[in-house]
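Visitor: Sequence unavailable; structure follows:
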């Protein structure tokens, strides 16, 4: 039984030190990734505030003031609602949130690359480390704002910052650790095609919303310049207003997408949609110049755009399945993806805006989800149902008058004649080969008898060889018995060949003359 040998003391210490170093290195990489994403995002917010404060008129720049002002800015970048003396600020800009997502995702991907992670189960420590660090930082910073004019609820800050950072880390590890591949492998091909079409449809709606915002701003450029001029006479104020518009630009794109879908948006008492217009006060921000000032009769025409997007989704699903039902299922999956994505985006784009006349800013998330589903499912389903896949040929219609009637007697009779001719030819070839090797008057019984005699001769030869192998060799005159016997056998074989006889132990040739009954037939 093998016994384990004791490991030398020096080798054991080396192995233990290597394990400890690997664990320490792993913890160091995870800590740097988590803390680095927090500090980097906080530094970006602080640098932006410092830039605005330095360019503002009569602004006093101080490091302590910038660092203190970056705390609510960092929480707002994680989409944590802030509480003011006059109400709650929940309509937060989405561009800072996108920057935080990007920084956290890159930190997670960098940590996975340094740790050589490539499996889905290996992504959990990185996600937990980054999400936990952001959650702890959010809760701590919210506690630090307890006596400040701008406050945040610690519990909301804890879970909100952790959720945003966890989502960002998961996105950063989706390709590196195979999370995306593992999720997509659970879907069948039809559902996967619908998922891809739904993502493309959502991006198409966002692109249409961005286009409608850009066209509206260009058409009301004079109003935009007036609002910029009214913001302040100095370049610093205009720069701050420009940053404000840039931060809320993703919100405006989502609102434009909701407007195209028919759900519209509302700011305070003002409601704007293609089918409804209720006037009211809006903030004096240049980005608000994209809103229409009155109802126009041609506004319902914009509803054609989401219908076109739905048709494109159906067109992309035309090869998802061979049957129309399968293609319709792919379109329904795409519609669910668009509805779910639109629901989340619309919920993030709006919120409370203090307690003034512009509160609240609402992008109807539920209504947009329902309308988005319908805009994709109805036109997309019609296109996918009636448009055949490119790879499947359409059935060929044949005129019955051009087809000759099938006569079983005539057609099958011709086939039987060809089969009989082929069989006769094959039998003739076999007879010719048989006649060349055996006499013509042999029958099957003669062949069977000849084959049995051959088998008997082979068995006798094998028995003789076995008996000779079992005999003990006898040595004579100092020589080997095997050698003497082999020499005698060789001489006897040579004499037999000279006399024209078969040597003993040789296989007898199949001669028909050896059998009198067969010889008579051959004569």
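Guide: Looks like it came in fine. The model shown is predicted, which means the values in this text are computed figures rather than measured ones.
Visitor: now the strand or helix carrying residue 181: how far from the chain's centre is it?
Guide: Using DSSP states H and E, the element containing residue 181 is helix 179-184. How far helix 179-184 lies from its chain's middle: 5 Å, per Cα atoms, centre = their mean, to the nearest Å.
Visitor: immediately after that helix, which helix or strand?
Guide: Downstream of helix 179-184, the next assigned helix or strand under DSSP H and E is helix 189-219.
Visitor: mean confidence for the helix holding residue 181?
Guide: Averaged across helix 179-184, pLDDT comes to 90.
Visitor: How about that helix, which residues are buried there?
Guide: residue 179 (16 or more other Cβ atoms under 10 Å). Every C-beta, even on glycine, is put in place using the N, C-alpha and C of the backbone.
Visitor: any weak-confidence spans in the stretch 401-523 of the chain?
Guide: Scanning the stretch 401-523 of the chain for pLDDT under 70 picks out 401-419, 422-424, 426-451, 462, 464-523.
Visitor: what sits up against stretch 261-272?
Guide: 205, 255, 258-259, 273-283, 291-292, 303, 306, 342, 346, 350, 353, 356-364, 367-368, 371-372, 375 (Cβ atoms under 8 Å, 6 or more residues apart in numbering).
Visitor: filter the residues you listed to the buried ones?
Guide: Neighbour-count burial (16+ other Cβ under 10 Å) applied to the contacts of stretch 261-272 gives 205, 255, 258-259, 273-274, 277, 282-283, 291, 306, 342, 346, 350, 353, 358-364, 367-368, 371-372, 375.
Visitor: Show me what the one helix or strand residue 23 maps to packs onto, helices and strands only.
Guide: Per DSSP H and E: residue 23 is located in helix 9-55. Applying 3 or more Cβ pairs under 8 Å, 6 or more residues apart in numbering; DSSP states H and E, one finds that helix 9-55 contacts helix 63-77, helix 95-115, helix 124-144, helix 235-247.
Visitor: so the shortest one versus helix 63-77, what angle?
Guide: Taking axes from the mean of the first three to the mean of the last three Cα atoms, to 10 degrees, one finds helix 235-247 and helix 63-77 inclined to each other by 20 degrees.
Visitor: any idea of the mean pLDDT in stretch 362-377?
Guide: Mean per-residue pLDDT for stretch 362-377: 95.
Visitor: next one: it to chain centre, how far?
Guide: Here stretch 362-377 is found 26 Å from its chain centre; the criterion is Cα atoms, centre = their mean.
Visitor: Now do the SS call for the closest residue to residue 76 other than its chain neighbours.
Guide: Ranked by Cβ to Cβ, 6 or more residues apart in numbering and with sequence neighbours excluded, the top spatial neighbour of residue 76 is residue 92, at 5.0 Å. Following DSSP: H, G, I helix; E, B strand; the rest coil, the label given to residue 92 is coil.
Visitor: ok, back up a step: just the ones in helices from the buried ones among the contacts of stretch 261-272, please.
Guide: Those of those mapping onto helices are 205, 255, 258, 259, 306, 342, 346, 367, 368, 371, 372, 375, per DSSP state H.
Visitor: Would you agree the last one is in contact with residue 306?
Guide: Read that as residue 375. Yes - in this structure, residue 375 is within contact of residue 306 by Cβ atoms under 8 Å, at 4.0 Å.
Visitor: Let me see the contact set for residue 184.
Guide: Contacts for residue 184 were tallied using Cβ under 8 Å, 6+ apart; they are 192, 195.
Visitor: what do you get if the cut-off is 6 Å, keeping everything else the same?
Guide: Residue 184 makes contact with no residue under the criterion Cβ atoms under 6 Å, 6 or more residues apart in numbering.
Visitor: So, low pLDDT: which residues of the chain?
Guide: Within the chain, the stretches with pLDDT under 70 are 1-21, 56-61, 389-419, 422-424, 426-451, 462, 464-523.
Visitor: Can you give the domain ranges for it?
Guide: Domain assignment for the chain by automatic domain parsing gives 17-186, 189-389, 429-466+477-522.
Visitor: How far does the second one sit from its chain's centre?
Guide: Here the centre of mass of C-alpha atoms in domain 189-389, compared against the chain's by Cα atoms, centre = their mean, lies 27 Å away.
Visitor: That concludes my questions; thank you for your assistance.
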